[in-house]
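S.K.: Give the three-dimensional model of this entry:
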Amino acid sequence: MGIPNERYSKITEKNPREICLLRGFPCAWGKCAFCDYIDDNGSRNQEQQMVEQNRQVLAQVTGELNVLEIINSGSCFELPEQTLEDIAELIREKGIQKLFFESHWIYRNRLEEMRKRMPVPIVFKIGVETFDHDFRENILNKHADFTSPAQVAEYFDSPCLMVGIQGQTREMIARDIDWLKEYFSLGTVNVYNNNTTKIRRDEELVRWFMQEYQWLLDDPAVEVLYEITDFGVG
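M.R.: You can find the predicted model right below:
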């Protein structure tokens, strides 16, 4: 996947917020079988360039929606130190009242550290992909060894699920959606799109999902992303 052009957007429907796509260092895991999103990462000798680029993106934030989401091709813990300071300062300047961050499961014991660092409450997202342990670990190679949604809910606020992958079943997806609604107040469902990896999209499964779960499009707590750029960035 190439370096994205769009890095700032406003989401005005579900959970209105401003969203910024920033540059970070490489994902600490970086071995998920479905992910080819690595070109946007930077090395340590590019840190100042990354900080300056991130500042240009953050400069577009107005604070008008009082909510800010920060994403990068990895976890928030992989953003440059100066960028994290810039985010905290921006929150104070613009009167932001809530912050969305994303983190891999491996950082679960550091979430409180980040919550204390930022001056507003954080909604932590996590890329669960599926709660089915075997598929998540042996097919997707997610490196997230939880065995139940309750374990995830102990740390994270909003899971991101992935649907429409070859090898997934309708039963697996139905269980994932049930658990999303049972254990979490917010969530995202990504419909899988083919990329440069060997993981392939199941078109029939996607058609079934979009028909069977049409009601999710009207659920204020769940965002369904049919295209990876549906948040306006990327």
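S.K.: where does Val47 land in three-state SS?
M.R.: Wrong residue type there; residue 47 is Glu, not Val. helix (DSSP: H, G, I helix; E, B strand; the rest coil).
S.K.: Just the local confidence number for Asn5, please.
M.R.: pLDDT, Asn5: 65.
S.K.: What's opposite the spatially most central residue of the chain in the beta bridge?
M.R.: Residue closest to the average C-alpha location in the chain (CA atoms, centre = their mean): Glu102, at 5.2 Å. Counting by DSSP bridges, Glu102 is bridged to Lys125.
S.K.: In stretch 113-125, which residues are buried?
M.R.: Neighbour counts over stretch 113-125 (16 or more other CB atoms under 10 Å) mark 114, 118, 120, 122-125 as buried. For the C-beta atoms, the positions are set from N, CA and C on the backbone; glycine is no exception.
S.K.: thinking again about what came up before, residues touching the residue nearest to the centre of the chain, list them.
M.R.: Listed by CB atoms under 8 Å, 6 or more residues apart in numbering, the contact partners of Glu102 are 71-72, 75-76, 124-127, 160.
S.K.: And the buried residues of stretch 113-125, which is closest to Glu223?
M.R.: Lys125 (10.5 Å; CB to CB).
S.K.: Report the contact partners of the closest one.
M.R.: 100-103, 156-160, 188 are the contacts of Lys125 under CB under 8 Å, 6+ apart.
S.K.: Would you mind giving the residues you listed as JSON lines with distance to Asn45 added?
M.R.: Output for those, formatted as JSON lines (distance: CB to CB, whole Å):
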{"residue": "Phe100", "distance to Asn45": "30"}
{"residue": "Phe101", "distance to Asn45": "26"}
{"residue": "Glu102", "distance to Asn45": "25"}
{"residue": "Ser103", "distance to Asn45": "25"}
{"residue": "Phe156", "distance to Asn45": "33"}
{"residue": "Asp157", "distance to Asn45": "35"}
{"residue": "Ser158", "distance to Asn45": "34"}
{"residue": "Pro159", "distance to Asn45": "35"}
{"residue": "Cys160", "distance to Asn45": "31"}
{"residue": "Thr188", "distance to Asn45": "34"}
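S.K.: Which members of the residues you listed are positioned in strands?
M.R.: 100-102, 158-160, 188 (DSSP state E).
S.K.: of those residues, closest to Asp202?
M.R.: Using CB to CB, those come closest to Asp202 at Cys160, 18.6 Å.
S.K.: For the closest one, list the residues it contacts.
M.R.: 102, 125-129, 187-190.
S.K.: go on, Arg117?
M.R.: 84, 88.
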